[in-house]
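1. here is the input, now give the coordinates:
(one chain, ligands or ions: 2)
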Amino acid sequence: MGFSHRMSFTIAIDGPAASGKGTISRAVARHFGFEHLDTGLLYRAVGQRMLEGMDPVEAAQALRAEDLDPETLRTAEAAQAASKVAAIPDVRAALLDFQRAFARRAGGAVLDGRDIGTVICPEAEAKLFVTASAEVRADRRWRELVAAGFDTRFDDVLADVHERDRRDMGRSDAPLREAEDSTRIDTSRLTVDEAIAAAIAAVNLARAQIGG
Ligand SMILES: Nc1ncnc2c1ncn2[C@@H]1O[C@H](COP(=O)(O)OP(=O)(O)O)[C@@H](O)[C@H]1O
Ligand SMILES: Nc1ccn([C@@H]2O[C@H](COP(=O)(O)OP(=O)(O)O)[C@@H](O)[C@H]2O)c(=O)n1
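-> Ligands and ions are numbered 1, 2, ... in the order given. I've put the predicted structure just below:
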């Protein structure tokens, strides 16, 4: 792909719940041979610990990479708890260094979350903002949960999406917002392959613009 293995190149991918960030990030990372970090898992893991009775700030400080098991953290309860602990500044502060170090790892990194392009890595070489209508996002998440065996109602998933959007956009510390220099990809009417192609094209454009 023309990337030097010693060079760091950060791709920041932000957006609201179930917009397709994770799917796009994994494919973009594979395409460019970069490592990927789903930063939502950090907050989900801390949220899960809070549900188990642990203090969220202590949980964030004690978090280890091996705690980030996507399988056990994909529940709606962990997502709701994540968006609550994510509003606590000391929780966010405890997770900062790990994310920044990952972003600047040699060989290139893709991070997806809510504040990657605005707070974690404002100097990222490429920034994408992935979005879709709340109804489309809730429908995707509902289908995923049903496929995973959860007995969930669409209306409850839609309410969850609205509530998390409100909390994520409304908090004072690192709220979800589109960075001014990001490329917006609205996936509402795109297939997964089209969304991935749009993301790869945007990264290639950013790379050409910085002469990388
Ligand atoms: N155009 C699209 N782009 C990305 N994901 C899509 C698209 N259409 C459907 N999906 C599906 O939406 C679901 C949610 O995607 P995911 O990557 O988990 O979102 P996020 O990481 O933003 O929560 C996945 O099941 C994915 O396959
Ligand atoms: N960089 C990030 C990533 C996630 N989060 C929080 O963690 C929650 C779960 O994030 P996620 O990315 O796993 O959620 P989905 O978009 O996959 O549903 C979000 O609702 C945010 O409150 C955050 O505050 N900052």
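
2. what are the contacting residues of stretch 194-202?
-> 13, 20, 23-24, 27-28, 31, 126, 128, 130, 183, 185, 187, 190 (CB atoms under 8 Å, 6 or more residues apart in numbering). (Each C-beta comes from the backbone N, C-alpha and C, glycine too.)

3. do the same with stretch 175-183
-> Residues contacting stretch 175-183 (CB under 8 Å, 6+ apart): 12, 14-16, 114-115, 117-118, 122, 126-129, 165, 168-169, 184, 202, 205-206.

4. can you tell me which of those are classed as buried?
-> 12, 14-16, 114-115, 117-118, 126-129, 165, 168, 202, 206 (16 or more other CB atoms under 10 Å).

5. buried ones in the helix or strand of the chain with the lowest mean pLDDT?
-> Using mean pLDDT, DSSP states H and E, the weakest-scoring helix or strand in the chain turns out to be helix 70-73, at a mean of 91. Residues residue 73 are the ones in helix 70-73 that count as buried (16+ other CB under 10 Å).

6. distance between it and the chain's centre?
-> Centroid separation for helix 70-73 versus its chain: 15 Å, with CA atoms, centre = their mean, to the nearest Å.

7. following the chain onward from it, which element is next?
-> helix 76-85 (DSSP states H and E).

8. give me the buried positions along that next one.
-> Across helix 76-85, burial judged by 16+ other CB under 10 Å covers 76, 78, 79, 80, 81, 82, 83, 84, 85.

9. thank you, goodbye.
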